[in-house]
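[1] sequence plus the predicted model coming up.
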Amino acid sequence: MTQTEYSLLEFDKKPGLFVYERVPSIMVPQWLHAYELQGNCRDGCDPEVLKKSVRENFLGTVLLPWELQFPQGQEFLRVRGRLYFMSQTITMEAFASEHNIAMSENQRQFPLRPAGAEELSEFYSQSVDADAKSGCVGHLRMDFGASGMEFWHTWHAHNDDKLNTQTFKTELVDLVTELREHGPLKNRDGMRLFCMEQEGTPLSQGEPYVQGFVTESDQFRYCLRCNPTRGDYNAYLYIYDKYHQQLCQSQQAMSMTMGGM
């Protein structure tokens with residue numbers, strides 16, 4: 001992302017960057033803060049306010065090396081007389097160097113990677129037998145509602161809910177919180193852009209944006225199926241207990257050894 005050319009701007013006489021596209025939170029370096037620019041309600045083209053997220057009259061993304069302070073009870077800042085666009089363009093790396101800003105990489109607890117071909121079955125519900133062998137804890141079904149900005153979710157337990165421990169519940173909350181704040185679960189547009197940027201593994205022929213991503217902790221593996229299509233459920237998250245899976249595999253190996261004696 002650092003090699004992309006951004007337009008220079010000034011907000012309150014301080015330097016910043018601008019791009020016409022939405023930028024998913026996961027793509028924003030830690031040393032920058034992203035805000036979306038909204039046009040006025042008359043023609044939508046005249047910049048009016050900065051917000052964390054814009055639904056209508058979206059004009060682009062403003063990236064600032066400092067965090068804006070919104071007045072209490074207000075979710076926007078008016079930009080008239082405060083925001084000025086420059087004619088120059090620059091990369092993030094050059095911008096940071098010019099203003100003596102130390103660039104740092106985003107450190108995520110749950111970094112997502114594209115799924116491997118051998119993992120594709122783990123993005124869908126399987127038989128009771130397969131669930132037991134794979135240690136499937138359950139799956140979370142999610143969608144962004146009609147507006148694309150909501151977040152609805154339903155939990156479906158597997159293995160008679162026996163693997164749904166407090167340790168798992170705590171980690172699941174941490175994972176979903178991170179993906180809501182800095183990943184593809186922020187909103188539907190953010191998910192679509194994330195899938196385009198990350199080039200995840202397609203899970204369905206003819207539907208390039210139905211993609212699979214995986215992240216793991218010491219004990220659990222999370223398989224996220226993304227589908228940024230309005231009218232469909234937008235995401236399924238299948239979770240597997242790796243300790244339970246290893247135990248089942250060990251018991252199976254021991255049973256086969258005993259059977260061969």
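    Arrived safely.
[2] residue 8 pairs with what?
    Beta-bridge partners recorded for residue 8 (DSSP bridges): residue 17.
[3] how many residues are close by it?
    Applying other CB atoms under 10 Å, we find 17 residues neighbouring residue 8. From N, CA and C alone the C-beta is placed, and that goes for glycine too.
[4] the most centrally placed residue in the chain and residue 81: what is the separation?
    Nearest to the mean C-alpha position of the chain, by CA atoms, centre = their mean, lies residue 183 at 1.5 Å. Going from residue 183 to residue 81 by CB to CB, to the nearest Å gives 35 Å.
[5] then residue 206?
    Separation of residue 206 from residue 81 (CB to CB) stands at 50 Å.
[6] just the pLDDT for residue 28.
    According to the prediction, residue 28 has pLDDT 81.
[7] now do the contacts for the closest residue to it other than its chain neighbours.
    Nearest in space to residue 28, with sequence neighbours left out and distances taken as CB to CB, 6 or more residues apart in numbering, is residue 34 at 4.7 Å. When contacts are counted by CB atoms under 8 Å, 6 or more residues apart in numbering, residue 34 touches 23, 25, 28, 61, 62, 63.
[8] who touches the residue nearest to the centre of the chain in this structure?
    Going by CB under 8 Å, 6+ apart, residue 183 touches 24, 25, 26, 112, 194.
[9] from the residues you listed, which single one is nearest residue 222?
    Set against residue 222, the nearest of the contacts of residue 183 by CB to CB is residue 112 (8.7 Å).
[10] so the closest one is in contact with residue 215, correct?
    Yes - Residue 112 is within contact range of residue 215, at 5.1 Å (criterion: CB atoms under 8 Å).
[11] overlap of the contact sets of these two?
    Residues touching both residue 112 and residue 215 (CB under 8 Å, 6+ apart) are residue 224.
[12] the stretch 1-150 of the chain: strands as residue ranges?
    5-11, 14-19, 33-39, 47-51, 58-64, 77-78, 83-91, 113-114, 136-143 (DSSP state E, counting those that start in this stretch).
[13] can you put these in JSON lines and add distance to residue 172 and mean pLDDT?
    Formatted as JSON lines, these follow (distance: least, CB to CB, whole Å; pLDDT from 0 to 100):
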{"stretch": "strand 5-11", "distance to residue 172": "36", "mean pLDDT": "94"}
{"stretch": "strand 14-19", "distance to residue 172": "33", "mean pLDDT": "94"}
{"stretch": "strand 33-39", "distance to residue 172": "26", "mean pLDDT": "93"}
{"stretch": "strand 47-51", "distance to residue 172": "29", "mean pLDDT": "92"}
{"stretch": "strand 58-64", "distance to residue 172": "30", "mean pLDDT": "94"}
{"stretch": "strand 77-78", "distance to residue 172": "35", "mean pLDDT": "93"}
{"stretch": "strand 83-91", "distance to residue 172": "37", "mean pLDDT": "93"}
{"stretch": "strand 113-114", "distance to residue 172": "19", "mean pLDDT": "90"}
{"stretch": "strand 136-143", "distance to residue 172": "8", "mean pLDDT": "97"}
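[14] out of the ones you listed, nearest to residue 237?
    Between residue 237 and those, the shortest gap by CB to CB is with strand 136-143, which sits at 4.3 Å.
[15] partners of that closest one in the sheet?
    By DSSP bridges, strand 136-143 pairs with strand 152-157 (antiparallel), strand 235-241 (antiparallel).
[16] in the protein, mark out all the helices, start to finish.
    92-98, 128-134, 166-182, 188-198, 242-259 (DSSP state H).
[17] so which of the ones you listed is nearest residue 39?
    For residue 39, the closest of those is helix 188-198, at 16.5 Å, according to CB to CB.
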